[in-house]
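1. the following block contains a protein sequence and its predicted model.
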Amino acid sequence: MADTLAATPPRRRRQLFWPSFALPGVGWLLALFVLPIYAVGAVTFGGVDPVLRTPQPQWNPLHWDFSTLSDVLSRVFTGDLQNVFLRTFAFVGLALLGCCLIGYPVAYFVARKAHRSRSSLLALLVLPFWISYLMRMMAWVNLLQPDGYVNRILHFLHLQGPPHNWLNGDWPTVVIGLVYGYVPFFILPLYATLERLDGRLLEAGRDLGASAFQTFRSVTLPLSVPGLMAASVITVLPMFGDYYTNTYLSQGSPKTQMIGNQIDQYLHQSSQPRTGTALVLILMAMLSVLMVYYVYTTLKQQREALR
Amino acid sequence: MSTSRRDFLARSAQLGVLLGAGVPLLQACGSKSGSSGGKVDPIADGLKPEKGPLKLFNYADYVNPDVIKAFESKYGVKVEITTFDSDSEAITKLANGAVKVDVHHSASPATVGRLIEGKLLRKLNKTYIPNFTNVLDAFTSPSYDPGSMFTVPYTIFSTGIGYRADRIDAATVEAKGWDLLWDPKYKGQVEIIDDYREGLALAMLHKGLNDVKDLNTSDKAVLEQAGKDLASLVGLVNVKVTIDGYKDIPEGTVTVAQCWNADMLTATGYLPSGVDASVIGYWYPKDDIGVVNSDCMGVMANATNPVLAHLYLDFMLDKANAELNFQTNYYLPAVKGLDADYLISKGYVPENLRNAVLSADQQKKGVPFLTLPEATDTLWQDTWSKFTAGG
Amino acid sequence: MRLFRNAQGKARWLLVITWLYVLWSLAPVLLAVRISFNAGKSRSSFQPLSWKWYWGDPDRSVLHDPALQHAMVNSLKLAALTMLVTVPLGTAMAIGLHRWRGKMSTASNTLMLFPIITPEVVFGVALFMVFTQVYTNVPMGFPAQLLGHITFTMSFVVVIIRGRLTAIGGQYEEAARDLGATRVQAVRLVLVPLLGPAIFASLMVVFATSIDDFVISSWLSTSAADETVPIKIYSAAKATATPSLNALATLMLLFTLVAVGLAGFALRAMNRRGGEDAGAAGGLASLSG
């Protein structure tokens, strides 16, 4: 290393100094992030061994065969996979709504209204972040057993007669599970935005005679849109790929299957790996707008921070 | 600007060259296949066993550790077991070379055909397997491997219904048969096996077979009907698709479950304390026409210890070893002499689960799932996927 | 709108919602922890306290069930090794990206952000394909899981360290250069010590992230031998699992919270400017001395 540096002219050496720090990481990501994603494409657009049904990826884009992708696309838009996509959108949409309804008031309170208790509340909001997702789901499974505390409480409050089996493929169980799982990821980015809101703007609104509600609607809410967007993107993206929450909370009922379950099934239990990878590509394509939005805003923030 | 435009272009060109060089390299890596370098011809007679270690590929906990120890000390070698979770996972790993072993311990009939055609298995030399004479008559020349050229059966199992005998009496079960799974009375307490062949075959059996060949059909109409019948389970009984019947029936969370016979024997070990094994029942069609599969052992074409591998197969077909294995996994070894009377007399199987041990007639009339042509297989899987996606 | 009119003073309903949420988010976990101390087998109700599922039960306690123990060791090993590789790699990348200007830098920076938002199932499938089709000499199981974990945690490190680099600015390094330090010396003696707390925080964050990961570990696992704790929790979720599963999860929770607690401590120390100046001063002093 020292030798090669000594042999390079000083100006070039200076140019290479900072890149050389970044290159190992960049190389790593090329080899273990970019290439793997490319491999998903190469498998989808490649062939399959007729006997062993193992994928025969086609690495050369000039020889790609798009028939599997178009088959799967037509199944998604008009065929048997339509259901599962619609259900996934419905679950994610409802869960996002739940996240907003719970997350916004909480983030707003902690950021703007909690003064003395702010730091301890913040710690409590961050805590679920660090508790294993599956442990939190396991906790719900413990609670939702037919003889579990949820049924006992409902019975005690006379809201329900005989115990209900919540883990039986009920969509509300899954949606609530998703909200429970992802709402901590929603609250934190929103909190960061709300906390930075300029208090003088809110005061100005009040001084101009607006009621608290009017101030909230015409000042606070519009100003928190970037935070809401960031929070939504960061929660929605993983939710679309989720397949374990519903499996875990509805224990194998076909009624709550999401896209991720179909991907899992095609890649683990079938001899059609290309259908599985095609579903991955379709999922990625659907989410690409959100992903690009996130990257774009993050880069913008970085530039502003440097200014 | 410190980096000139030309500089940038030059560098991207270099990168392009690197990427270009990388593609053929990748192709070279990617095309590597597990079958390469393997030999399909049987090994010569009278060879000395290798020094090992003998590598096995098997489901977890599917063989008695004491039997493995006995084999190790008999031949002075070490045995290493790599495990897999599903049949398709196993063949995928063997095919792409992710796993290199001497013995495939448990291939189902549906994949045996592919393993043979894909030249992953080596023809057996039976002179090393004198215990082959112990194999049950119905399995000495099975339909999936005529003449047992490539495989010997390790275990055999039937697909039937496991149920709570304390909630449904045997006469009702006998009268209703497969209809039991479609009975709204048991809504929320019904399970079927999470496997596309088992699931669709269940629907076909429920509808009534015109011909046992239907269980391996490539008829689109039959499959579509089966898919519809399965889908009706969602609304009728809110079916679950799992392989947990062996736990859920004894725990009581499920009342009727499509399951393998061995599951109900395993279930006796999962009963809550104070509950008797008599609460568990197993039903298999009375005419003995149903699904009977086996898990088969074969020597890999690229085995580095082929002689030792043969000796291992022989060791597993020894009656005493087979009996020990049964005590571990409750799967019936395909070895003569381990019939229901014997197993019950030994106390391994409770009398009320006699039906969970395959009778000679069931062995003979049972139909295995065979390897399907690619297009047919795809049709089966897509039909199943439609069902698991919620109908 | 009476409630809103109150907002300037005490937003009582917001307070109620917030505390209800906190209760909702944490109570189930506390109940799950409590169940791990059950003396009996129930996973749905409280029973008298005992250590049975930690070490009391001779077969199924965490201490005596080899499968549970194996999963725990796997998880810890994976998290520790991931942390040791990812953090240096990510720190260097953050420093490099922060100072390096140009199109390639922007491209690298953009690339770095994508792993953060790629749904895990996509990540898992992609890695699964690359290890079965391209890097076939990397065995599936632990080695592949390790590489996978390093990949998906690296960007977190870059983000944490970059945030810190932006906060410290360039003046300390410039001072070091004025004192005659080479660029390597400036990085080693001034920048890295200044980044100390952020590096420590990254170590802990990576540890906690890796230990909690289910999807990537599961896609790259091939057999019971490379099960981690989250995989174990996922696959043994059904009714027959004993509270030993809760005990296992509780232990992992403890490990994570200790790691995160330490990270929080480091970050807090880092935010006290006094400490930072002292650290930088020390670095500069060693240069001039």
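-> Received it, and whenever you're ready, just let me know what you need. Numbering: from 1, shown residues only, chains lettered A, B, ... in the order given.
2. which element is the residue most central in space within chain A on?
-> Central residue check for chain A by CA atoms, centre = their mean: the C-alpha nearest the mean position is that of A:Pro238, 2.2 Å away. Using DSSP states H and E, A:Pro238 falls within helix A:225-241.
3. what about the next helix or strand after that helix and chain C, touching?
-> On the C-terminal side of helix A:225-241, the closest following helix or strand by DSSP H and E is helix A:244-250. Yes - residues of helix A:244-250 are located near chain C by CB under 8 Å from any CB of the partner chain, namely A:Tyr244, A:Tyr248. Every residue, glycine included, has its C-beta placed from N, CA and C.
4. for the next helix or strand after helix A:244-250, packing partners?
-> Secondary structure here is assigned by DSSP H and E; on that basis, the next helix or strand after helix A:244-250 toward the C-terminus is helix A:259-268. When contacts are defined as 3 or more CB pairs under 8 Å, 6 or more residues apart in numbering or on different chains; DSSP states H and E, helix A:259-268 sits against helix A:82-108, helix A:225-241, helix A:244-250, helix A:273-306, helix B:374-388, helix C:120-133.
5. now do the helices in chain C.
-> Listed from the start of the chain, chain C has helices (DSSP state H) covering C:2-5, C:12-36, C:66-99, C:103-117, C:120-133, C:142-168, C:171-178, C:183-185, C:192-212, C:215-219, C:229-235, C:244-271, C:273-288.
6. now mean pLDDT too, for these, in a markdown table please.
-> As requested, the helices of chain C are arranged in a markdown table below (pLDDT from 0 to 100):
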| stretch | mean pLDDT |
| --- | --- |
| helix C:2-5 | 46 |
| helix C:12-36 | 91 |
| helix C:66-99 | 93 |
| helix C:103-117 | 90 |
| helix C:120-133 | 94 |
| helix C:142-168 | 92 |
| helix C:171-178 | 85 |
| helix C:183-185 | 85 |
| helix C:192-212 | 88 |
| helix C:215-219 | 94 |
| helix C:229-235 | 87 |
| helix C:244-271 | 83 |
| helix C:273-288 | 51 |
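7. compare those helices and give me the one nearest B:Val173.
-> Checking those against B:Val173 by CB to CB gives helix C:229-235 as the closest, at 30.8 Å.
8. next, the buried residues of the closest one.
-> By 16 or more other CB atoms under 10 Å in any protein chain shown, the buried positions in helix C:229-235 come out as C:Val229, C:Pro230, C:Ile231, C:Lys232, C:Ile233, C:Tyr234.
9. now stretch B:305-318: mean pLDDT?
-> The pLDDT scores in stretch B:305-318 average 96.
10. what does the helix holding A:Pro238 rub up against?
-> By CB atoms under 8 Å, 6 or more residues apart in numbering or on different chains, the residues outside helix A:225-241 that reach it are A:88, A:91-92, A:95-96, A:99-100, A:103-104, A:107, A:178, A:182-183, A:185-190, A:192-194, A:259-260, A:283, A:286-287, A:290-291, A:293-294, A:297, C:117-122, C:215.
11. of the buried residues of helix C:229-235, which is the nearest to chain B?
-> Comparing these against chain B with CB to the nearest CB picks out C:Ile231 as the nearest, at 11.1 Å.
12. right, I'll call it a day here.
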